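**Q** Just to be clear, the model below is a prediction. Sequence and coordinates:
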Amino acid sequence: MLGFRLGDLAKGAVRATMLLLAATLGLLAASLAHAATPAPALKKQLDTFFSNFSEADLNSFTAGQLSDDAMLAFALDHILINARKELKLTESGETGIAAAALVDKVTLRYFDQKIVTGRKASYPVVIADGEAYVFSQVSGMEELGGGLFTASGDIFSAGSGAVIDPHAKPADWAKAGEDVAKVAGFTATVKAIEKRFVLIEYQVTPQP
């Protein structure tokens, strides 16, 4: 009788261990699934979202530590690259003037903040061309809860005037003979607000 009971106990222990192992593997699989590459449509949206920061060469910052100077520099670069027609040019044509409302539009869109320190009615922007084509691609995303997500990916650079698909794979660029280099990696925390994302934290790690 004792041997029978001991045998039952042993079988029960093995069964419990197997169930625990299965549960652990299930949690691991779920975790990996959450951190996987986003669905194609979302990935394309995020690629474009993060490319705004890489093309403007936004520096790393931790949550709550983005300075007004950094926001202003980003906004002016973003306007120069993506909304140059909204600048009012000076007589020389070498400088554009960005109204404060235009700067606010950019900082609210990407950071959900307005510039406070050193605020002005307008800001000068030096007109420049010939910059390298810099863009980002997201490789992983994970939901944190409360509308927050972490994201990670890579930053690439191509020559000025390059005409490539920024959402394509490196193998496709190489096959087409395009000279595209990975220059950095990034991790970020973003928040979903009204069907868009805003940047909460951003860390860039240059490629060795």
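**A** Happy to help now that I have it. Since the model is a prediction, treat every value here as computed from it, not as a measurement.
**Q** What's the local residue count around Ala70?
**A** Using other C-beta atoms under 10 Å, Ala70 has 16 neighbouring residues. All C-beta atoms are positioned from the backbone trio N, CA, C, and that covers glycine.
**Q** contacting residues around it?
**A** By C-beta atoms under 8 Å, 6 or more residues apart in numbering, Ala70 lies in contact with 58-59, 61.
**Q** most neighbours, which of the residues you listed?
**A** Going by other C-beta under 10 Å, Leu58 tops those with 22 neighbours.
**Q** quick revisit: need the contacts of Ala70 in JSON lines with pLDDT, can you?
**A** Formatted as JSON lines, the contacts of Ala70 follow (pLDDT from 0 to 100):
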{"residue": "Leu58", "pLDDT": "98"}
{"residue": "Asn59", "pLDDT": "97"}
{"residue": "Phe61", "pLDDT": "98"}
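**Q** of those residues, closest to Tyr133?
**A** Nearest to Tyr133 among those, counting by C-beta to C-beta, is Leu58 at 16.3 Å.
**Q** Model confidence score at the nearest residue to the closest one once chain neighbours are set aside, please.
**A** Nearest residue to Leu58, sequence neighbours excluded (C-beta to C-beta, 6 or more residues apart in numbering): Phe74, at 5.2 Å. If you check Phe74, the pLDDT there is 98.
**Q** Please apply the same query to Asp8.
**A** 51.
**Q** for Thr37, same thing?
**A** You'll see Thr37 listed with a pLDDT of 87.
**Q** can you pull out the helices in the protein?
**A** 2-34, 40-55, 68-82, 100-111, 170-175 (DSSP state H).
**Q** what does the fourth one rub up against?
**A** Among residues not part of helix 100-111, those counted as contacts by C-beta under 8 Å, 6+ apart are 52-53, 66, 71-72, 74-76, 78-79, 83, 86, 113-115, 119-123, 196, 198-199.
**Q** before we move on, the earlier item: list just the nearest of the contacts of Ala70 to Glu94.
**A** Using C-beta to C-beta as the measure, the one of the contacts of Ala70 that approaches Glu94 most closely is Leu58, at 24.6 Å.
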